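Colleague: Just to be clear, the model below is a prediction. Sequence and coordinates:
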Amino acid sequence: MSVAPGIKVENVTKVVYSDVTKGRQTIVSDLSVTFSPGRSSALLGHNGAGKTTTIKLILGLVRPTRGKVSIDGQPVGVEQRRMIGYMPEVNRIPLVLTPTEVLEFHVATYNPPKLRDAKARKVAIEEALRRVELWEHRKKRVGKLSKGMARRLAWAQATIHDPSVLILDEPMSGLDPTGRLAMRGWISDFRAAGKTIVLCSHELATVGELCDDVSILRKGSLVYSSAHEERTASGAYRLSLSGLDEKAVAALRDGAGLKAWMRGHQEGFTAHLVFADYASAAEWLQAALQRGVVVTDFGPAPMIDEHVLLKFFGKELES
Amino acid sequence: MISVFMVMRESFLLLRRDKIFLPAVAAGVMITIFANIASEWGIEEFRKILFDVGALGFHLTGCLVAIFWGTKTVSEARADGSLEIQLAAPIGRVSWLVGKYLGLVLALIFFWLLVLVFWQCIMFANDFGGMTQPQFMFFVFQLLEWSLVGAVALFYSTFAGVTIALFATISTWMAGLVSMPVAQNLPYGAKGWAVDVVQGLARFWDLRQFNLSGFATGVEKIGPGELQVRGVYGILLILIIMTVSCIFFRRRDVLA
């Protein structure tokens, strides 16, 4: 298996002039993030955090005001884009074309060595359409397809040229449960094939299942970056408690191994704790049970959870 | 070259299937029928009336279609996001824009051919026989003007939204139609520099150069050399506008 290229975003700042009222806005600020070769990386952040702009910087659709973006060590250009498959957040396919025409255009544009022969192209297009269950609809115009079908066509478009880098912006949006399951399978296949994947998603379960690394953006800057192994291979554990009083909260605040916690509302405090290992988590669990605190969750910590995410989004957490 | 060809093909397909294509062809045909009726009502000079009325309709329909399509080609690609997908592919921006323009020209030629065939049918129906060379040249220059106006629309679309691009293109087109009459009718008291500026602009942007209706009906004599100059003028304008468009477009971020 050949090594897929990595992506490096180095000290990138992007300033845009929005309009007269907003003036100049910094969308991405001194961002440095690396998407390692052959790994699946999640890019998380609240709406407007700069995820889509970062993706567009990688694709060369947006030029950095400062800093540089490279793929496989080279600045982004036509040849670098040839390695990429891109699936945007919403379907960006002209509605009057048919799925076959969309893929024909796409394959001819990328012109991959394996598909230079007309017959091979035809076969590849048929295979791709069958894979996403659109072969029966190949002559329908995209405007007549359902949202889920158009989404599956977007996947076929992003992957038909067998890219070594896959950039997915909310790939699950608009898909029904069956479609989501299929999409997870397709992404897993790409991951297993050692491709570099950059995945933007608000669905943490998807991220936890499909990604090796996580990077979190906040207001255009990187606030967190972690490899999956750091969180799971070390045996991190999560403990969620509720009905805590002020005294318990104070004790928790000073607790060793505490990674994140948050305040509840009327029914006392709720805490979500992440421990570096099972032993410290179990110790806290025992203590909590002895004190009569309600334990709502205990188990291996996911790579990233809502509470950790909220902390990096800078919302409703006590310092 | 492959990417230019693919973008051109896609652009042609999109325009060919555009909602305004059939209404525009219908409008072109209806105007020709109207011109035919008007010419039959006339006591004399049937041919001149047919060309005068029909040419105006042909000119207006074609230019408006070129403006709408030129604007749609880029602005709508930006609005519906297909621009993002296509520029994320290994296509240079200049190739993309040139491909889009060639697709637009191809769609205009297709539209032109359909109306032209109908025009010839009307001529046969009136026993005017086949089109003469000056008459054919009239239509060729109309096509050249459409292509030029389409390039202007594309130029504005590279940095403006649909509405602004439409408004700006229509204004520029109208300016091209009136520039020379305005320059030739400046008041005697006008300041020298103002006359120079207006006449300079009129010489640069004069769309009346492409109106050969007088030549087609034999009222005006235009030699082959003059025709060549007018043709080269049109092509040069297209090249200049497309070059400036490409320069603008290369530097634009695709943020939508």
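Modeller: Great, that's in hand.

Colleague: residue contacts, the residue in the stretch 1-150 of chain A that chain B sits nearest to?
Modeller: Per Cβ to the nearest Cβ, A:R92 is where the stretch 1-150 of chain A lies closest to chain B, at 3.5 Å. Bear in mind the C-beta positions are built from the backbone N, C-alpha and C, glycine included. With contact set as Cβ atoms under 8 Å, 6 or more residues apart in numbering or on different chains, A:R92 has these partners: A:154, B:80-82, B:84-85.

Colleague: any weak-confidence spans in chain A?
Modeller: Regions of chain A meeting the criterion pLDDT under 70 cover residues A:1-4, A:227-236, A:248-269, A:301-319.

Colleague: ok so, going back, and the contacts of A:R92 as JSON lines, adding distance to B:L13 and secondary structure?
Modeller: Converted to JSON lines, those look like this (distance: Cβ to Cβ, whole Å; DSSP: H, G, I helix; E, B strand; the rest coil):
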{"residue": "A:A154", "distance to B:L13": "19", "secondary structure": "helix"}
{"residue": "B:D80", "distance to B:L13": "15", "secondary structure": "helix"}
{"residue": "B:G81", "distance to B:L13": "18", "secondary structure": "coil"}
{"residue": "B:S82", "distance to B:L13": "12", "secondary structure": "helix"}
{"residue": "B:E84", "distance to B:L13": "19", "secondary structure": "helix"}
{"residue": "B:I85", "distance to B:L13": "16", "secondary structure": "helix"}
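
Colleague: Against which helices or strands is the host helix or strand of A:K8 packed?
Modeller: A:K8 belongs to strand A:7-17 when assigned by DSSP states H and E. Counting by 3 or more Cβ pairs under 8 Å, 6 or more residues apart in numbering or on different chains; DSSP states H and E, the packing neighbours recorded for strand A:7-17 are strand A:24-35, helix A:51-59, strand A:66-71.

Colleague: List the buried residues of it.
Modeller: By 16 or more other Cβ atoms under 10 Å in any protein chain shown, the buried positions in strand A:7-17 come out as A:7-9, A:12-14.

Colleague: Report the angle between it and strand A:24-35.
Modeller: 180 degrees (axes from the mean of the first three to the mean of the last three Cα atoms, to 10 degrees).

Colleague: Let's see strand A:7-17 as PDB, backbone CA atoms only.
Modeller: As requested, C-alpha coordinates have been extracted for strand A:7-17 and formatted as PDB (Å, rounded to 0.1, in the frame of the first residue of the first chain):
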ATOM      1  CA  ILE A   7      -1.600  17.900   4.500                       C
ATOM      2  CA  LYS A   8       0.100  20.700   6.300                       C
ATOM      3  CA  VAL A   9      -1.400  24.100   7.200                       C
ATOM      4  CA  GLU A  10       1.300  26.400   8.600                       C
ATOM      5  CA  ASN A  11       0.600  29.700  10.300                       C
ATOM      6  CA  VAL A  12      -2.200  30.500   8.000                       C
ATOM      7  CA  THR A  13      -4.300  33.600   8.500                       C
ATOM      8  CA  LYS A  14      -7.200  34.500   6.200                       C
ATOM      9  CA  VAL A  15      -8.600  37.900   6.300                       C
ATOM     10  CA  VAL A  16     -11.600  38.700   4.000                       C
ATOM     11  CA  TYR A  17     -13.500  41.900   3.300                       C
END
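
Colleague: Report the closest residue of the stretch 1-150 of chain B relative to chain A.
Modeller: B:G81 (3.5 Å).

Colleague: Dihedrals phi and psi, the nearest residue to that residue once chain neighbours are set aside?
Modeller: Of all residues not flanking B:G81 in the chain, A:R92 sits nearest, at 3.5 Å (Cβ to Cβ, 6 or more residues apart in numbering or on different chains). Torsion angles at A:R92 (phi, psi; degrees, to the nearest 10) stand at phi -120, psi 50.

Colleague: can you check B:K191 too?
Modeller: phi -70, psi 150.

Colleague: and it, what does it touch?
Modeller: Counting by Cβ under 8 Å, 6+ apart, B:K191 has no contacts.

Colleague: center of chain B, which residue is that?
Modeller: Per Cα atoms, centre = their mean, the C-alpha nearest to the average position across chain B is that of B:W146, at 1.1 Å.

Colleague: Pretty sure it sits against B:L64.
Modeller: No. The criterion here is Cβ atoms under 8 Å, and B:W146 misses it with B:L64 at 9.5 Å.

Colleague: Can you give me the buried ones in the longest helix anywhere in chain A?
Modeller: Criterion DSSP state H: the longest helix present in chain A is helix A:177-192. Within helix A:177-192, the residues scored as buried using 16+ other Cβ under 10 Å are A:179-180, A:182-184, A:186-187, A:190-191.

Colleague: Determine the set of other helices and strands touching it.
Modeller: Secondary elements touching helix A:177-192 (3+ Cβ pairs under 8 Å, 6+ apart): helix A:147-159, strand A:165-169, strand A:196-200, helix A:204-210.

Colleague: Using PDB, list the CA coordinates for that helix.
Modeller: Provided in PDB are the C-alpha atoms of helix A:177-192 (Å, rounded to 0.1, in the frame of the first residue of the first chain):
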ATOM      1  CA  PRO A 177     -30.200   5.800   8.600                       C
ATOM      2  CA  THR A 178     -29.600   3.300   5.800                       C
ATOM      3  CA  GLY A 179     -27.600   5.900   3.900                       C
ATOM      4  CA  ARG A 180     -25.600   6.900   7.000                       C
ATOM      5  CA  LEU A 181     -24.800   3.300   7.500                       C
ATOM      6  CA  ALA A 182     -23.600   2.900   4.000                       C
ATOM      7  CA  MET A 183     -21.600   6.100   4.100                       C
ATOM      8  CA  ARG A 184     -19.900   4.900   7.300                       C
ATOM      9  CA  GLY A 185     -19.000   1.700   5.500                       C
ATOM     10  CA  TRP A 186     -17.600   3.600   2.500                       C
ATOM     11  CA  ILE A 187     -15.500   5.900   4.600                       C
ATOM     12  CA  SER A 188     -14.300   3.000   6.700                       C
ATOM     13  CA  ASP A 189     -13.200   1.200   3.500                       C
ATOM     14  CA  PHE A 190     -11.200   4.300   2.500                       C
ATOM     15  CA  ARG A 191      -9.700   4.500   6.000                       C
ATOM     16  CA  ALA A 192      -8.700   0.800   5.800                       C
END
